[in-house]
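Engineer: fold the following and give me the result.
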Amino acid sequence: MSEAQVQPPVEACKALADPVRWAILTRASGVDQVACQELDSLPVSKPTISYHLKILSQAGLISVRRAGRNSYYSLEREALHQVVDALWALAPTPRPLVSGEPAYVNPGRRQRRAAAENSRGMLAAVPEDPMERQEAVILTW
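Structural biologist: Predicted coordinates:
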C-alpha cells in the first residue's frame with residue numbers, strides 16, 4: 001500500500017468495530033491470503049460478507065486479488081501497524097517492546113520493591129538467564 005492510499009485511523013477504527021469484520025481479519029491474519037469461499041462459514045449471508053469485505057477494503061485493511069471468478073483477500077499488516085502507531089501517539093507511554101522483552105515497568109518502583117525485599121531478607125534469587133525470568137505486565141488505558 002503506497003503512502004497516498006493510507007486511510008485515516010478513524011476509518012480503520014470504524015471498520016474494526018464490527019464483529020464480522022473482526023472475524024474476517026482474524027482469518028486473514030493467519031494466512032497469506034484467504035479465498036472468498038473460505039469466508040462462507042461466517043454466520044452471515046454472502047451479500048453481507050461482501051459488504052463487510054468492501055468496508056475493510058475501503059479502510060485499507062485488506063487488499064483483494066482477483067483470479068478468474070475467485071477473489072483472494074490479504075491482510076494489510078502495515079495499515080494495522082499505522083493504526084496502532086496512531087493510537088499510541090495519543091498515549092505514548094507505556095508502550096510495550098515488540099522484541100519479546102518485558103514491557104515498560106516503572107524502574108523506580110522496581111528498585112524500591114527490591115530494596116524493601118532485600119532489607120527484609122525476602123529477596124529471591126534472580127535467574128541469570130533472561131529467558132527464565134517471567135513478568136506479568138498489565139496495560140490499561
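Engineer: and the helix or strand containing residue 57, what other elements does it pack with?
Structural biologist: When elements are defined using DSSP states H and E, residue 57 is found to belong to helix 46-58. If you count contacts as 3 or more CB pairs under 8 Å, 6 or more residues apart in numbering; DSSP states H and E, helix 46-58 packs onto helix 9-16, helix 19-29, strand 62-67, strand 70-75. The C-beta positions use only the backbone N, C-alpha and C, and glycine is treated the same way.
Engineer: give me that answer again for 6 Å
Structural biologist: Here helix 46-58 is seen to pack against helix 19-29 when contacts are counted using 3 or more CB pairs under 6 Å, 6 or more residues apart in numbering; DSSP states H and E.
Engineer: the helix it packs on vs helix 9-16, what angle?
Structural biologist: Using axes from the mean of the first three to the mean of the last three CA atoms, to 10 degrees, one finds that helix 19-29 and helix 9-16 are set 100 degrees apart in direction.
Engineer: can you name the next helix or strand after helix 19-29?
Structural biologist: Moving toward the C-terminus from helix 19-29, the first helix or strand encountered (DSSP H and E) is strand 34-35.
Engineer: got a list of contacts for that next one?
Structural biologist: 27-28, 72-73 (CB atoms under 6 Å, 6 or more residues apart in numbering).
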